[in-house]
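Participant: Just to be clear, the model below is a prediction. Sequence and coordinates:
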Amino acid sequence: QPQLVESGGGLVQPGGSLRLSCVASGFTLNRYGIGWFRQAPGKEREGVSCISRSGGITNYTDSVKGRFTTSKDDAKNTVYLQMNSLNGEDTGVYYCATLQQLRGCVPGDIWGQGTQVTVSA
């Protein structure tokens with residue numbers, strides 16, 4: 001059964017960094033683009049970044065541009081989200097998901113369980 005599992009979340013001080021991982025099993029990541037999404041308490045889920053199947057195209061929401069970087073390692077069947085210069089607005093549960101469409105970062109059917117990121121002093 002295809003699934004995604006995120007890890008790497010935690011508590012970090014403002015200005016700090018975290019790297020999230022999204023490991024796929026039951027399918028190979030080079031069949032899908034992958035998106036990172038987050039949901040803060042009381043807010044709607046938003047797309048954070050997306051990466052194409054080849055890894056050659058990446059998109060970011062404006063609030064994380066220049067701070068977050070997404071990449072993939074096909075040999076490890078893993079997608080990463082490197083998050084730097086974190087601030088309180090980055091707090092939330094982060095999910096990875098397959099993409100139905102890269103343009104607009106439209107999620108598909110396979111989602112991870114999420115990993116909590118908390119940015120606080």
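Facilitator: Yep, that arrived.
Participant: which intervals of this protein have sub-threshold pLDDT?
Facilitator: Across the chain, nothing is flagged by pLDDT under 70.
Participant: Only alpha carbons, please: show the longest strand along it as CSV.
Facilitator: Longest strand in the chain, counting residues (DSSP state E): strand 92-101. Only the C-alpha atoms of strand 92-101 are listed here, as CSV (Å, rounded to 0.1, in the frame of the first residue of the first chain):
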residue,chain,number,x,y,z
GLY,A,92,2.0,24.2,12.3
VAL,A,93,1.6,20.6,11.2
TYR,A,94,3.5,19.9,8.0
TYR,A,95,2.4,17.3,5.6
CYS,A,96,3.8,15.9,2.4
ALA,A,97,1.5,14.6,-0.4
THR,A,98,1.7,13.5,-3.9
LEU,A,99,0.6,16.0,-6.5
GLN,A,100,-2.2,15.8,-8.9
GLN,A,101,-0.9,18.9,-10.7
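Participant: Run me through the strand neighbours of it, direction for each.
Facilitator: Strand pairing for strand 92-101, using DSSP bridges, gives strand 34-39 (antiparallel), strand 106-111 (antiparallel), strand 115-119 (antiparallel).
Participant: Going by neighbour count, which residues in the second one are buried?
Facilitator: Yep, that's strand 106-111 we're talking about. If you call a residue buried by 16 or more other Cβ atoms under 10 Å, then strand 106-111 has these buried ones: 107, 110, 111. Glycine gets a C-beta too; all of them are placed from N, C-alpha and C.
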